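In: Pasting the sequence and the predicted model now:
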Amino acid sequence: TILTAFADGVLTLTLNRPDKLNSFNEDMHLALRAGFQRAHDDAQVRAVLLTGAGRGFCAGQDLGDRDPRKGGPAPDLGETLDRFYNPNLRLIRSLEKPVVCAVNGVAAGAGANIALACDIVLAAKSAKFIQAFARIGLIPDAGGSWSLTRILGEPRAKALALTAEPLTAEKAAEWGLIWKAVDDGALMDQANALTRSLAAGPTLGLGLTKRLVQAAATNSLDEQLDLERDCQQAAGRSADYAEGVTAFLEKRPARFQGK
Ligand code: LHQ
């Protein structure tokens with residue numbers, strides 16, 4: 001359900017249930033979790049690229065998994081979130097390495113919101129983001145109620161979530177919800193090049209940068225200044241900082257080791 005490839009410090013995770021637009025079943029959740037866990041544990045992994053196989057990125061939950069026509073008690077979706085979605089969301093946000101998402105096609109429901117949890121999102125111009133939940137009586141999960149509101153503010157977050165209207169990649173970029181909308185044919189080249197260049201970067205400093213940007217949402221300025229001090233102290237002790245300055249003084253490109 002997930003294709004995994006590793007090269008040049010980049011772990012590429014490709015959602016791979018193309019017949020179902022890469023919608024999530026339990027297997028795919030667990031395989032994705034194993035991929036992000038590897039990114040946490042393996043120092044060789046210095047950046048992650050998440051994308052989808054086929055014409056879609058991810059259509060959210062596999063709605064065929066729980067067919068209400070089959071009868072039985074209503075499912076406990078809170079438990080589904082606790083057991084399957086939320087661990088992956090937390091792994092993406094807590095990974096102190098860059099996570100790039102290449103949204104190759106439609107991203108609906110939890111599929112859209114998993115993309116938005118990544119650090120840098122590129123999307124094919126033909127891709128659309130759909131908060132599909134309202135169409136089936138659910139609420140925006142996989143962090144969507146949080147990320148949409150923080151990024152867009154209440155008016156746009158509410159309108160997207162209440163109407164489930166598709167948002168084009170270009171509009172998403174214009175609104176600052178994603179980094180860039182890219183011509184379809186150029187998406188994977190650009191996403192691969194970006195992730196490789198991040199993987200060749202000063203991983204420790206990049207990880208601390210991610211931590212700082214994420215902490216800013218809830219910190220006061222005083223708390224954030226203290227955190228910047230602590231993170232800069234750690235970055236200043238890294239081999240990559242010494243290499244970065246040496247390379248600058250020697251007028252050559254830096255060769256970062258990621259530590
Ligand atoms: C699918 C799906 C799909 C199964 C396309 N499942 N087969 C929910 C519950 C539990 C726990 C907590 O969290 C959640 C979170 C959620 O994610 S809720 C939201 C679930 N997702 C949706 O409601 C989106 C459903 N899909 C769609 O609205 C459309 O498929 C979109 C707009 C994504 C794409 O439309 P089209 O490009 O027209 O493609 P399509 O609809 O023809 O789909 C292609 C195939 O993929 C088709 O199968 P078929 O055998 O007919 O070719 C679809 O049935 C299948 N598929 N999404 N979520």
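Out: Great, that's in hand.
In: Would you map the strands across the stretch 51-200 of the chain?
Out: Along the stretch 51-200 of the chain, counting by DSSP state E, counting those that start in this stretch, strands occupy 56-58, 99-103, 106-108, 120-124, 128-130, 167-168, 180-182.
In: Dump those strands into CSV; add mean pLDDT, distance to residue 10 and mean neighbour count as well.
Out: Backbone N, C-alpha and C define where each C-beta goes, glycine included. As requested, the strands of the stretch 51-200 of the chain are exported to CSV (pLDDT from 0 to 100; distance: least, C-beta to C-beta, whole Å; neighbours: other C-beta atoms under 10 Å):
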stretch, mean pLDDT, distance to residue 10, mean neighbour count
strand 56-58, 99, 18, 28
strand 99-103, 99, 9, 27
strand 106-108, 99, 21, 27
strand 120-124, 99, 13, 25
strand 128-130, 99, 24, 23
strand 167-168, 98, 28, 18
strand 180-182, 98, 18, 20
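In: Those strands: which one's closest to the ligand?
Out: Evaluated with C-beta to the nearest ligand atom, the strands of the stretch 51-200 of the chain place strand 106-108 nearest to the ligand, the distance being 3.9 Å.
In: just how off-centre is the closest one within its chain?
Out: 14 Å (C-alpha atoms, centre = their mean, to the nearest Å).
In: before we move on, the earlier item: I'd like to know which of the strands of the stretch 51-200 of the chain lies nearest to residue 154.
Out: strand 167-168 (16.0 Å; C-beta to C-beta).
In: So in that sheet, which strands flank the closest one, and in what orientation?
Out: strand 128-130 (antiparallel) (DSSP bridges).
In: Select, out of the strands of the stretch 51-200 of the chain, the one closest to residue 196.
Out: strand 99-103 (9.8 Å).
In: Would the closest one count as contacting the ligand?
Out: No. With C-beta under 6 Å from any ligand atom as the criterion, the ligand is not reached by strand 99-103; the gap is at least 12.4 Å.
In: the inter-axis angle of that strand versus strand 120-124?
Out: 10 degrees (axes from the mean of the first three to the mean of the last three C-alpha atoms, to 10 degrees).
In: Tabulate the CA atom coordinates of stretch 220-238 in CSV.
Out: Extracted C-alpha coordinates of stretch 220-238, given in CSV (Å, rounded to 0.1, in the frame of the first residue of the first chain):
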residue,chain,number,x,y,z
SER,A,220,4.7,34.3,23.4
LEU,A,221,7.5,36.4,22.0
ASP,A,222,9.4,35.9,25.2
GLU,A,223,9.1,32.2,25.1
GLN,A,224,10.1,32.2,21.5
LEU,A,225,13.1,34.3,22.0
ASP,A,226,14.3,31.8,24.7
LEU,A,227,13.6,28.9,22.4
GLU,A,228,15.6,30.6,19.6
ARG,A,229,18.5,31.1,22.0
ASP,A,230,18.5,27.4,22.9
CYS,A,231,18.1,26.2,19.3
GLN,A,232,20.8,28.6,18.1
GLN,A,233,23.1,27.4,20.8
ALA,A,234,22.6,23.8,19.6
ALA,A,235,23.0,24.8,16.0
GLY,A,236,26.2,26.7,16.8
ARG,A,237,27.7,23.5,18.2
SER,A,238,26.9,21.4,15.0
